[in-house]
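A.B. asks: 3D, please:
(3 chains)
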Amino acid sequence: MPELPEVETVTQGMANKLVNKRIQSIKVRRYDLRWPIPKNFEQAMQGALIKNIKRRAKYILIETDKEYGMLWHLGMSGRVKISEHPSKPPAYEKHDHVQLILQDGTWIRYFDPRRFGTIQLVKDHDFVKNILLGHLGYEPLSPDFNAQNLLKGIKNRKSPIKNLIMDQRLVVGVGNIYACEALYDAGIDPNCPGCEITKDRADILCKSIKKVLKNAIRAGGSTLKDYRKSDGNLGYFQYQFNVYDQADKDCKKCSVKILRIMQAGRSTFYCPKCQK
DNA sequence: CTTTGGGCCTGGACGC
DNA sequence: TGCGTCCAGGCCCAAA
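C.D. replies: The predicted model follows:
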């Protein structure tokens, strides 16, 4: 379920546990992810010192002192398991595809049933070229993502606004859940064509996207501690959705039933009365 | 150029 | 218990 808040939470959790530690051993159990893990992955990362871990869009970038760093993407079902304390790793579970063990005994695993995610090797040059300056749009929590720039991106588009805010080329990290939640918060009909969004409403939508994502990150940060104690998974937490997956339930503001429709092959949930 | 739809995978929920 | 169908949080790519 990783959207930006989940990836941010996972990234922070990994940074806390891994930075300034050295990789002692690596095991790739399955190479055939969405894009295959390179054949030289184990050899390339063996003995690497992890220097820094950061997020860009829904990618996790792990910088090392070697020629290559790592780029992780969780796809639809990817999770990161990490030991609470340095310890011997437990038996592998099905879908544990990659394991790293650090010199202090901390272990970390990439788990992904659907294998829509990936782990790649990247050089610093690639980080910039492919990720930072690639097709990816604004980071939603940065000041660059504002009403003016949002409007510029949608004013000539006929697509529904919901699909536009999920387009990585405009703004990154907003997936199906938070697109629905942000539009509900903003009181905007997800069907509204981009070209019909006014400057004032673009400003409201921008603020709603930031608000919803920040709230989710905060929720992740607080429940993360509890959850990690139990089973070591990072970034999967309960979040109280107002509309997502709430079809036929009463809108919290007006009690009208929440609708579920399909847009570009994805489910959209919204309140037909509060969202115009 | 924009927009739509299919595909990648596995697994869980549901109806019969 | 089993079997079929639908659906799922991302993303790319071909086709219209």
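A.B. asks: Would you mind giving the domain segments of chain A?
C.D. replies: Split into domains by automatic domain parsing, chain A comes to A:4-129, A:147-270.
A.B. asks: Pull the contacting residues for residue A:11.
C.D. replies: A:53, A:54, A:55, A:60 (C-beta atoms under 8 Å, 6 or more residues apart in numbering). C-beta here means a position set from N, CA and C on the backbone, and glycine is covered the same way.
A.B. asks: out of the domains of chain A, nearest to DNA strand C?
C.D. replies: domain A:147-270 (2.1 Å; C-beta to the nearest atom of the strand).
A.B. asks: what's the average pLDDT for the closest one?
C.D. replies: If you average the pLDDT over domain A:147-270, you get 87.
A.B. asks: any idea how far it is from the chain center?
C.D. replies: 13 Å (C-alpha atoms, centre = their mean, to the nearest Å).
A.B. asks: returning to that earlier point: please tabulate the domains of chain A in TSV, including the columns distance to DNA strand B.
C.D. replies: Shown next, in TSV, are the domains of chain A (distance: least, C-beta to the nearest atom of the strand, whole Å):
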stretch	distance to DNA strand B
domain A:4-129	3
domain A:147-270	3
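A.B. asks: Turn those into CSV, including distance to residue A:136.
C.D. replies: Output for the domains of chain A, formatted as CSV (distance: least, C-beta to C-beta, whole Å):
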stretch, distance to residue A:136
domain A:4-129, 5
domain A:147-270, 5
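A.B. asks: just the buried members of the contacts of residue A:11?
C.D. replies: Buried members of these, counted by 16 or more other C-beta atoms under 10 Å: A:53, A:55, A:60.
A.B. asks: out of these, which are inside strands?
C.D. replies: A:53, A:55, A:60 (DSSP state E).
A.B. asks: ok, which residues in the stretch 1-150 of chain A are in contact with DNA strand C?
C.D. replies: Contact residues (C-beta under 7 Å from any atom of the strand) of the stretch 1-150 of chain A with DNA strand C: A:1-3, A:6, A:34, A:57-59, A:73, A:75-76, A:114, A:116, A:135.
A.B. asks: Run a quick neighbour tally on residue A:112.
C.D. replies: By other C-beta atoms under 10 Å, 24 other residues sit near residue A:112.
A.B. asks: who's in contact with it?
C.D. replies: A:33, A:74, A:75, A:77, A:78, A:79, A:95, A:97 are the contacts of residue A:112 under C-beta under 8 Å, 6+ apart.
A.B. asks: Produce a PyMOL select command limited to the buried residues of those residues.
C.D. replies: Filtering those down to the buried ones (16+ other C-beta under 10 Å) takes a single PyMOL command:
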select buried, chain A and resi 33+74+75+78+79+95+97
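A.B. asks: Just name the closest of the contacts of residue A:112 to residue A:89, please.
C.D. replies: residue A:97 (13.8 Å; C-beta to C-beta).
A.B. asks: for the closest residue to the closest one other than its chain neighbours, helix, strand, or coil?
C.D. replies: Leaving aside its sequence neighbours, residue A:97 sits nearest to residue A:30 (C-beta to C-beta, 6 or more residues apart in numbering; 4.4 Å). With DSSP: H, G, I helix; E, B strand; the rest coil as the basis, residue A:30 sits in coil.
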